[in-house]
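In: show me the folded form of this:
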Amino acid sequence: MTSVLITGAASGIGAAIARRLAAPGMKLVLHTRKNVNGLEAVANEARAAGAEATTLIADLTDPTNAAKLVESAATSMGGLDWLVANAGFADARSFAELPDDGVHASITPIADSFFRMARSALPYLKASDRGRVVAISSFVAHRYAPAGDLFPASAAAKAALEALARGLAAELASAKVTVNIVAPGYTQKDKGAHAALSSERWTRILERIPLARLGKPEECAAATAYFLSDDAAYVTGQIIHVDGGLGL
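Out: As a prediction, this is how the structure comes out:
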């Protein structure tokens with residue numbers, strides 16, 4: 001059995017990752033901050049695909065919850081082989097619009113929570129014979145075009161996440177644990193989900209994407225599944241940009 005914790009799994013990319021991994025022989029612990037109904041629906045899909053699935057609710061804006069989440073997941077599964085850190089949100093406010101604590105409000109649930117989860121997961125990952133970590137970042141940590149949407153708070157949080165992930169990759173290499181990053185571009189939301197941008201801005205965005213469409217959550221899930229697979233056993237500290245050519 002392979003045990004995996006996926007944060008932010010109630011919708012979007014996190015839910016797509018859960019569906020992609022769900023299969024006999026998989027133990028999934030799925031997390032959300034508050035979307036209980038969405039999370040249970042994803043868990044039921046995973047169970048129907050033959051996986052074991054449990055759910056955990058935790059607000060990662062509370063810095064004490066990240067370690068608790070890992071310990072609860074590891075306890076329920078009897079260990080932890082894979083950690084997929086996907087939880088987060090987009091903050092489209094400009095520098096002028098952000099309050100004094102605006103950047104920190106993004107860094108806490110994205111970068112800080114990853115640090116605390118990874119630190120708590122270290123003994124479990126090292127004990128596993130298939131230890132893997134995947135952090136879900138974003139194009140905003142790489143692209144700063146004046147005509148684009150800059151997301152300064154989100155960019156700072158995701159850039160910090162990537163730096164932590166690559167440092168962790170170096171630290172865990174001797175234990176044969178890999179740590180990699182998936183950086184999505186603009187990606188389709190679930191129907192009815194909150195969008196950080198207006199429909200007019202989405203139209204302008206499509207004009208800037210070389211492949212002329214939004215990404216699909218399933219495409220990010222495929223990249224994540226690759227990093228978790230045996231095929232990627234010799235790949236660590238790397239970033240796959242699933243962005244339709246946005247970073248060209």
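In: so for the protein, the centremost residue is which one?
Out: With distances taken as C-alpha atoms, centre = their mean, the residue of the chain nearest its centroid is residue 86 (1.8 Å).
In: could you check how far that residue is from residue 150?
Out: Counting by C-beta to C-beta, to the nearest Å, the gap from residue 86 to residue 150 is 22 Å. For every residue, glycine as well, the C-beta is placed using N, CA and C.
In: scan this structure for its longest helix.
Out: Taking DSSP state H as the criterion, the chain has its longest helix at helix 152-172.
In: helices along this protein, start to end?
Out: So, for the chain - with DSSP H - the helices run 12-21, 36-48, 65-77, 102-107, 113-127, 152-172, 199-206, 217-228.
In: out of these, deepest packed?
Out: Here the criterion is mean neighbour count by mean count of other C-beta atoms under 10 Å, and of the helices of the chain the winner is helix 12-21, at a mean of 24.
In: average pLDDT across it?
Out: Averaged across helix 12-21, pLDDT comes to 98.
In: before we move on, what about stretch 77-87?
Out: On average, stretch 77-87 scores 98.
In: mind listing what the residue nearest to residue 49 when sequence neighbours are not counted touches?
Out: For residue 49, ignoring the flanking residues on the chain, the nearest one in space by C-beta to C-beta, 6 or more residues apart in numbering is residue 22 at 3.9 Å. The neighbours of residue 22, taking C-beta atoms under 8 Å, 6 or more residues apart in numbering as the test, are 28, 45-47, 49-51, 53.
In: export those to a markdown table and tack on pLDDT and distance to residue 18?
Out: Rendered in a markdown table, the data for those read as follows (pLDDT from 0 to 100; distance: C-beta to C-beta, whole Å):
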| residue | pLDDT | distance to residue 18 |
| --- | --- | --- |
| 28 | 98 | 6 |
| 45 | 98 | 8 |
| 46 | 98 | 6 |
| 47 | 98 | 11 |
| 49 | 98 | 10 |
| 50 | 98 | 13 |
| 51 | 98 | 9 |
| 53 | 98 | 8 |
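In: and residue 181, how many neighbours does it have?
Out: 25 (other C-beta atoms under 10 Å).
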